[in-house]
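> What would the 3D arrangement of this be:
(one chain, ligands or ions: 2)
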Amino acid sequence: MKINILDLKEGKTEYFEKYNENTLDLKGLEFSLIGQLNAHIVIEKWRGKVKLSLEADFTLKMQCSRCLEHFERSFHEEATFYLKAGKEEVKAEKSLKDEDIYTLFYATDEIDVTPLIRDMVILVYPMKPLCKPDCKGLCPVCGVNLNKMKCHHEQVTIDPRWSKLLEIKKKISKA
Ligand SMILES: [Zn+2]
Ligand SMILES: [Zn+2]
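Ligands and ions are numbered 1, 2, ... in the order given. Have a look, this model is predicted:
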């Protein structure tokens with residue numbers, strides 16, 4: 001959805017928009033968007049300053065990186081942008097205020113909200129999705145899903161925190 005900043009009246013303007021996998025161009029990725037994404041878009045214009053707040057509710061279907069099962073998860077994401085006309089100037093020294101991080105420059109009078117919402121979805125997708133934090137994964141020998149059944153293969157996985165402790169213990173016993 002494109003919003004013309006110049007045409008906006010002073011004060012608060014709200015939009016409720018629905019998007020799907022096609023309108024957000026999310027096809028062919030590692031995850032899929034289930035049904036519709038509901039977006040709440042708020043633009044506040046005050047004396048030439050423009051603030052854009054986005055809220056998005058959506059459900060993703062993804063594959064667990066450990067057990068390879070597909071699962072769904074719902075998200076509620078929020079983002080705020082301060083809009084400035086013109087192109088971004090490269091300053092020699094850029095202070096890192098919160099405002100700078102979210103400042104969005106627009107070259108025309110129109111701002112397209114769709115790519116911003118698309119980014120919110122893509123950024124929420126984890127590097128290694130897990131169906132649950134303690135997913136047991138697959139047996140490396142026979143491949144059974146260890147969340148669902150046990151096999152006779154011994155699982156020799158040591159928690160990395162314990163292995164550190166073991167190292168320390170060894171050092172102490174040597175000393
Ligand atoms: Zn899993
Ligand atoms: Zn096994």
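
> who in the chain is up against ligand 1?
With the criterion set to C-beta under 5 Å from the ion, the chain comes near ligand 1 through 64, 66-67, 131, 135. C-betas here are computed from N, CA, C, even on glycine.

> Tabulate these in a markdown table, adding columns for secondary structure, pLDDT and neighbour count.
Output for the residues of the chain next to ligand 1, formatted as a markdown table (DSSP: H, G, I helix; E, B strand; the rest coil; pLDDT from 0 to 100; neighbours: other C-beta atoms under 10 Å):
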| residue | secondary structure | pLDDT | neighbour count |
| --- | --- | --- | --- |
| Cys64 | coil | 97 | 19 |
| Arg66 | coil | 95 | 19 |
| Cys67 | coil | 96 | 19 |
| Cys131 | coil | 97 | 20 |
| Cys135 | coil | 96 | 18 |
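
> Which two among the residues you listed are spaced furthest apart?
Arg66 and Cys131 (7.6 Å; C-beta to C-beta).

> any chance you could map the strands in the chain?
Counting by DSSP state E, the chain has strands at residues 2-4, 11-19, 32-46, 49-63, 70-85, 103-106, 110-112.

> Just the residues contacting the longest one, thanks.
Yep, that's strand 70-85 we're talking about. 5, 34, 49-64, 99, 102-106, 111, 116, 120-121, 124, 129, 131 (C-beta atoms under 8 Å, 6 or more residues apart in numbering).

> Quick check: closest non-adjacent residue to the residue most central in space within the chain.
Central residue of the chain (C-alpha atoms, centre = their mean): Val124, 1.4 Å from the mean position. Once flanking residues are discounted, Val124 sits nearest to Phe75: 5.3 Å by C-beta to C-beta, 6 or more residues apart in numbering.
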